[in-house]
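*Asks:* mind looking at a prediction? Sequence and model below.
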Amino acid sequence: MKKSLQIHKKKTHSIERKHPWIFSGAISSNVEDFEDGDLVTVYDHKEKVIAKGHFQHATISIRVLTFEDEEIDQPFFDRKIGNAIKVRRNQQLFREDNNICRLVHGEGDGLPGLVVDYYNGVAVVQCHSIGMYKSVDMIANALKAWLKSDLIAVYSKSSDTLPERIATEDKYLIGSCETPHIALENGVKLNIDWITGQKTGFFIDQRENRFLLAKYSKGKKILNTFCYSGGFSLLGLKHGADLVHSLDSSKKAISLTEDNIKLNNFGSKHKSIVADAMTYMKDLPEDYDVIILDPPAFAKHRDKRHKAIQGYKRLNAHTIRQIKPGGIIFTFSCSQVVDKTLFNHTITAAAIESGRNVRILEQLHQPMDHPISAFHPEGEYLKGLVIQVD
Ligand code: SAH
């Protein structure tokens, strides 16, 4: 349904600065009878259209799709999605040795609430707003129009990301494809299962950081903690690691890792470990040259930030204390509420606690297919460091 609403006179500045979220407190109209997912036209106090977006009964009440007075229809989605795909093609993410990338990254692509991940012909659509979920058919049409022969199927997977009050069905919108489906990241083969896997099936956001590990792998013994399906392990083995150990607390994740190791014939140089990383890292039973720490978000909300920092500090201090002299640590945080500066300070605190000398060699972040809108700094979430311990 199309509806209209007005914004308080003093609350328009953030919209004028193109921030894509409108909070409930900024709305002056009565929106009680609005439905989740309604397409709304937003007026300022002078009755001028200042935005259009998807409404939802939540703290973030409107996710803005446009700041112009334009129709939100099939041509709108065609333009936005076409632009996002063009950017990925320019970034050389469709290559002979790579056919995995994020095609649409929410606010970063001007489509708040929408994620589209691409796995060798299959586009997996994940909606984080009810309005986007109601638009999935237009989204699928746009993907088909732009991907043409590069598209086998479109799968809609939003049951994990939408509020329970909305009925969702995960299903193919276009075509179908058997899972696991084999796709390529930087020359490594991966089994991808969007139906049973976490998120859309794979953590695409670590592609460039995994590739960076290649430089540090030759002849090395690597421990990949929080490995999920083994992305870092595979890149390390492809680039000459002597031995890789992959650790995850989930048996399912370890079985995905082992399937991927088999798929690439890396079995002789690999061992998996099912364990809680926080406990395992307290007293490492073996020496490693390279250790990867890529935990899940320790804090999803600001009120959990302090506890999260303690968690990152403990994990990193244990690792720094025990790694071989000259050892390399790839350490990450994907908690949006822990910013780059705070994360760096936490690693410094861990280094002090460990009593060893630590150098920062490289500063890492989310890749180019996870862009950040200049008007939405909240879009920055993944940060990491490559450190060397003397
Ligand atoms: N590094 C991975 C992505 C990590 S996702 C990649 O490159 O794809 C986070 C992973 O941490 C998940 O697989 C989850 O099962 C695992 N995990 C969560 N808590 C854990 C814990 N306490 N110990 C070990 N693994 C854990």
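*Replies:* Received, thanks. Residues are numbered from 1 along each chain as shown.

*Asks:* my guess is residue 354 contacts residue 323, does it?
*Replies:* No: with contacts counted by CB atoms under 8 Å, residue 354 stays clear of residue 323, the gap being 9.4 Å. Just so you know, the C-beta spots here come from the backbone N, C-alpha and C atoms, and that holds for glycine as well.

*Asks:* joint contacts of those two?
*Replies:* With contacts defined as CB atoms under 8 Å, 6 or more residues apart in numbering, the residues adjacent to both residue 354 and residue 323 are residue 389.

*Asks:* who has more neighbours, those two?
*Replies:* residue 323 (23 against 18; other CB atoms under 10 Å).

*Asks:* identify the residues contacting residue 208.
*Replies:* Listed by CB under 8 Å, 6+ apart, the contact set of residue 208 reads 364, 367, 368.

*Asks:* can I see the domain layout of this protein?
*Replies:* The chain breaks down by automatic domain parsing into domains covering 2-66, 74-183, 203-389.

*Asks:* out of those, nearest to residue 195?
*Replies:* Nearest to residue 195, of all those, is domain 74-183, at 5.5 Å by CB to CB.

*Asks:* tell me the mean pLDDT over the closest one?
*Replies:* Across domain 74-183, the average pLDDT comes to 98.

*Asks:* so how far is that domain from its chain's centroid?
*Replies:* 14 Å (CA atoms, centre = their mean, to the nearest Å).

*Asks:* what about the residue nearest the centre of the chain, distance to residue 170?
*Replies:* The residue lying closest to the centre of the chain (CA atoms, centre = their mean) is residue 205, at 5.2 Å. Distance check for residue 205 against residue 170: by CB to CB, to the nearest Å, it reads 22 Å.

*Asks:* thinking again about what came up before, reformat the domains of the chain as JSON lines; add distance to the ligand.
*Replies:* Shown next, in JSON lines, are the domains of the chain (distance: least, CB to the nearest ligand atom, whole Å):
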{"stretch": "domain 2-66", "distance to the ligand": "25"}
{"stretch": "domain 74-183", "distance to the ligand": "11"}
{"stretch": "domain 203-389", "distance to the ligand": "3"}
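
*Asks:* turn the ones you listed into TSV, columns for distance to residue 190.
*Replies:* What follows is those, written out as TSV (distance: least, CB to CB, whole Å):
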stretch	distance to residue 190
domain 2-66	31
domain 74-183	6
domain 203-389	6
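
*Asks:* buried ones in stretch 310-328?
*Replies:* 311-313, 315-323, 327-328 (16 or more other CB atoms under 10 Å).

*Asks:* among those residues, find me the one that's closest to residue 95.
*Replies:* Nearest to residue 95 among these, counting by CB to CB, is residue 328 at 27.3 Å.

*Asks:* which strand residues bridge that closest one?
*Replies:* The partner list for residue 328 in beta bridges (DSSP bridges) reads residue 290, residue 388.

*Asks:* quick one: it and residue 362 touch, right?
*Replies:* No: using CB under 8 Å, residue 328 is not in contact with residue 362, being 9.8 Å away.

*Asks:* which neighbours do the two have in common?
*Replies:* Common neighbours of residue 328 and residue 362 (CB under 8 Å, 6+ apart) are residue 386.

*Asks:* how many neighbours does the closest residue to residue 7 other than its chain neighbours have?
*Replies:* Using CB to CB, 6 or more residues apart in numbering and skipping residues adjacent in sequence, the residue nearest residue 7 is residue 26, 5.3 Å away. Number of residues near residue 26 (other CB under 10 Å) recorded here: 20.

*Asks:* could you do the one 10 residues further on as well?
*Replies:* For residue 36, the count of nearby residues is 18 (other CB under 10 Å).

*Asks:* next: residue 285.
*Replies:* Around residue 285 there are 7 other residues, counting by other CB under 10 Å.

*Asks:* contact partners for residue 59?
*Replies:* For residue 59, the contact set (CB under 8 Å, 6+ apart) comprises 23, 24.

*Asks:* same question, residue 336
*Replies:* Contacts of residue 336 by CB under 8 Å, 6+ apart are 297, 378, 380, 381.
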